[in-house]
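J.: dropping the sequence and predicted coords here.
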Amino acid sequence: MAVILCQHVSVKGRGPVIRYTIRGVPREVDRALRQKAGRRKQSLNQVILEELTMAAGSGRRRADFSDVVGQWTPDPAFDEILASQRRINWDKWK
C-alpha cells in the first residue's frame, strides 16, 4: 500500500513549496524511474517532478525517444524502397 504525505514549507528565495513523501513504491516503478533519470542525466527528483507534471496534464511534453532508441521493427516495404534507391542506373552515368 502506498502512503503519500504532503507538507507545505517555505524555502528562502522560492516562497511556499510543497514537499511529498511517498512510501510503498513498487520496485519496478523505482527501477524504471532511476533508469530514466540515468538516460536523461537528471536527478531522480527532477524526473519524478516531470512525470507528475505530465500525468497531471500540465506542462509541455518533452520529446523522449530514449525508450525506443536501439529498437528496430522490420518493414519489408521500407527495405524495398531503400534497395531501389541504392540501385545505380548505369545509363544515366555514361
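T.: Good, I have the coordinates. Owing to the predicted nature of the structure, the values given are computational and were not obtained by experimental measurement.

J.: so where do the strands sit in the chain?
T.: 3-11, 15-23 (DSSP state E).

J.: return the member of those having the minimum mean pLDDT.
T.: When the strands of the chain are ranked by mean pLDDT, strand 3-11 comes last with a mean of 63.

J.: low pLDDT regions in this structure?
T.: Residue ranges of the chain with pLDDT under 70: 1-14, 59-68.

J.: for this structure, longest helix please?
T.: Assignment by DSSP state H gives helix 27-40 as the longest helix of the chain.

J.: okay, that one in PDB with CA atoms only?
T.: What follows is helix 27-40, C-alpha atoms only, in PDB (Å, rounded to 0.1, in the frame of the first residue of the first chain):
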ATOM      1  CA  ARG A  27      10.500  -2.000  -7.200                       C
ATOM      2  CA  GLU A  28       9.700  -2.000 -11.000                       C
ATOM      3  CA  VAL A  29       8.500   1.600 -10.800                       C
ATOM      4  CA  ASP A  30      11.600   2.700  -8.800                       C
ATOM      5  CA  ARG A  31      13.800   0.900 -11.400                       C
ATOM      6  CA  ALA A  32      12.100   2.500 -14.400                       C
ATOM      7  CA  LEU A  33      12.400   6.000 -12.800                       C
ATOM      8  CA  ARG A  34      16.000   5.500 -11.900                       C
ATOM      9  CA  GLN A  35      16.800   4.300 -15.500                       C
ATOM     10  CA  LYS A  36      15.000   7.200 -17.000                       C
ATOM     11  CA  ALA A  37      17.000   9.600 -14.700                       C
ATOM     12  CA  GLY A  38      20.200   8.000 -15.800                       C
ATOM     13  CA  ARG A  39      19.400   8.200 -19.500                       C
ATOM     14  CA  ARG A  40      18.300  11.900 -19.200                       C
END
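
J.: fine by me, thanks again.
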